[in-house]
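Student: pasting the sequence and the predicted model now:
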Amino acid sequence: MARWRALPGELDPQVREFVEQLRRVVDRTGLSVAAVADRTGYGKTSWERYLSGRLLAPKGAIVALAEVTGTPPIHLTTMWELAERAWSRSETRHDRTMEAVRISQARAALGEFGPAPDVRESDVGRIAVTPGVAGPAGVSPTMPRSRDAHGSAVGAPGGAGPGSGPGGAGPRRMTLFLAGVVGVVTIVVGAFLLTDGGGPKQAVGTTGSPSPASAAPSTALPSGVLCGGSDCAGRDAEEMGCSGDLAATAKTATVGTTLVEVRYSRTCGAAWGRITQAAQGDGVRVTVGPVRQTGAVTVAGDTIAYTPMVAVKSASDATACAVLASGQQGCTP
């Protein structure tokens with residue numbers, strides 16, 4: 001079974017060549033993606049994206065990869081510069097395409113309303129309104145017009161009487177019509193603002209605290225960090241975004257040729273144990289009081305293993321131990 005999946009067909013040729021070169025560098029070392037991530041300081045998820053062509057690796061990651069694999073950095077960075085230009089061109093084309101799509105959607109949406117009607121004063125009297133249904137705010141319900149025995153129009157109750165001059169009826173009807181239009185627009189806009197497109201909002205002027213579901217968390221985690229404190233217990237530091245730049249080695253010890261460390265993330269409030277330069281069958285554990293987590297090298301060729309996290313208030317609370325397949329054991333202070 002092939003180690004790598006096929007790259008996306010739409011990938012730019014220069015980007016494709018660069019990603020394939022990165023894969024060859026990783027293959028020569030025999031390192032797993034998790035090991036590459038741990039040694040370079042860039043996340044496992046990020047490296048999976050870099051090596052699948054879904055995201056262009058930053059220059060810093062390329063330099064770090066060259067250092068840990070013994071690859072001349074000048075060759076990788078040169079290829080990276082060419083790939084970066086090609087990637088930027090592709091993003092520009094994508095942005096233009098999306099902009100055209102958004103403009104097309106906006107035009108289509110506006111076209112649904114149709115052109116504004118050309119209303120003339122002479123047409124106002126012919127607009128029918130459902131009897132008994134209240135109009136917009138401030139406008140009285142309009143009653144249907146009827147004809148008397150001589151065919152003359154009979155005004156609605158409260159309207160102009162027989163003695164009213166014809167010149168005053170038109171402007172008054174126009175005023176009522178415009179007031180109705182403004183009222184309808186006001187109601188529609190007000191309803192949209194109050195519902196925010198369907199989601200209820202707390203009415204202005206009301207008092208009281210927001211519900212627990214809408215309240216902001218007391219401690220905001222940085223982007224990409226998925227847990228903190230006790231929520232991190234038993235979880236993978238890489239998957240939870242606690243490793244990489246957010247982690248540091250707090251304690252170390254050497255057992256044979258294997259290095260055992262306590263890794264600590266202040267941001268996540270958690271620690272874990274890690275062994276490097278290890279072999280298949282070597283294990284590592286981290287202990288905080290009665291809590292213990294373990295890990296081991298299970299794949300031939302891998303040289304790194306780490307435990308799930310334990311919640312800590314300080315890195316000094318944790319102790320990491322290496323238990324080697326040879327029988328040797330040793331712990332950090």
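Tutor: Great, that's in hand.

Student: all helices for the chain, in order.
Tutor: Assigned by DSSP state H, the helices in the chain fall at 13-29, 33-40, 44-52, 59-69, 73-111, 121-124, 166-195.

Student: could you tell me the least trusted of the ones you listed?
Tutor: Mean pLDDT across these is lowest at helix 121-124; the value there is a mean of 44.

Student: okay, now Gly327: neighbour count?
Tutor: 6 (other C-beta atoms under 10 Å). In short, each C-beta sits where N, CA and C put it, glycine included.

Student: which residues touch it?
Tutor: If you count contacts by C-beta atoms under 8 Å, 6 or more residues apart in numbering, Gly327 has none.

Student: got phi/psi on it?
Tutor: phi 100, psi -10 (degrees, to the nearest 10).

Student: roughly how far does it sit from Gly283?
Tutor: 12 Å (C-beta to C-beta, to the nearest Å).

Student: and for the closest residue to Val36 other than its chain neighbours, the neighbour number?
Tutor: Nearest residue to Val36 in three dimensions, chain neighbours excluded: Trp47, at 5.5 Å (C-beta to C-beta, 6 or more residues apart in numbering). Neighbours of Trp47 under the rule other C-beta under 10 Å: 24.

Student: hmm, Trp47 is touching Arg39, no?
Tutor: No: contact criterion C-beta atoms under 8 Å: Trp47 and Arg39 do not qualify, at 10.5 Å.

Student: how far away is Cys331 from Val323?
Tutor: Distance, Cys331 to Val323, by C-beta to C-beta: 10 Å.

Student: those two: which has the busier surroundings?
Tutor: With neighbours defined as other C-beta under 10 Å, Cys331 and Val323 compare such that Val323 has more, 21 against 18.

Student: mind checking how far the more buried one is from Ser316?
Tutor: Going from Val323 to Ser316 by C-beta to C-beta gives 22 Å.

Student: swap in Pro222?
Tutor: Pro222 is 24 Å from Ser316, by C-beta to C-beta.

Student: ok, these two, which is more surrounded?
Tutor: More crowded of Pro222 and Ser316, by other C-beta under 10 Å: Ser316, with 13 against 9.

Student: wait, the more buried one sits on Ala250?
Tutor: Yes: counting by C-beta under 8 Å, Ala250 is a contact partner of Ser316 at 7.5 Å.

Student: need the residues touching each of the two.
Tutor: Residues touching both Ser316 and Ala250 by C-beta under 8 Å, 6+ apart: none at all.

Student: which non-adjacent residue is nearest Ala35?
Tutor: Closest to Ala35 by C-beta to C-beta, 6+ apart is Ile304, at 4.8 Å.

Student: count the neighbours of Lys251 for me.
Tutor: Lys251, neighbours per other C-beta under 10 Å, totals 19.

Student: please disregard the earlier target; I meant Thr257.
Tutor: By other C-beta under 10 Å, the burial measure for Thr257, its neighbour count, is 11.

Student: now the closest residue to it other than its chain neighbours: how far from Gly224?
Tutor: Using C-beta to C-beta, 6+ apart and skipping the chain neighbours, the partner closest in space to Thr257 is Gln277 (5.5 Å). From Gln277 across to Gly224, the span is 29 Å (C-beta to C-beta).

Student: for Thr77, same thing?
Tutor: Taking C-beta to C-beta, one finds Thr77 at 26 Å from Gly224.

Student: ok, the residue nearest to Thr257 - contacts?
Tutor: So Gln277 contacts 257-259, 303 (C-beta under 8 Å, 6+ apart).

Student: which stretches of the stretch 201-333 of the chain have low pLDDT?
Tutor: Across the stretch 201-333 of the chain, the ranges flagged by pLDDT under 70 are 201-219.

Student: quick one: the strands in it, in order.
Tutor: In the stretch 201-333 of the chain, the strands defined using DSSP state E, counting those that start in this stretch lie at 248-255, 258-265, 270-276, 283-288, 291-296, 305-306, 310-311, 319-323, 329-331.

Student: can you list the residues that contact the last one?
Tutor: Strand 329-331 has contacts (C-beta under 8 Å, 6+ apart) with 253-255, 260, 319-323.

Student: about what we covered before: quick one: contacts for the residue nearest to Ala35?
Tutor: 34-35, 38-39, 274-276, 278, 297.
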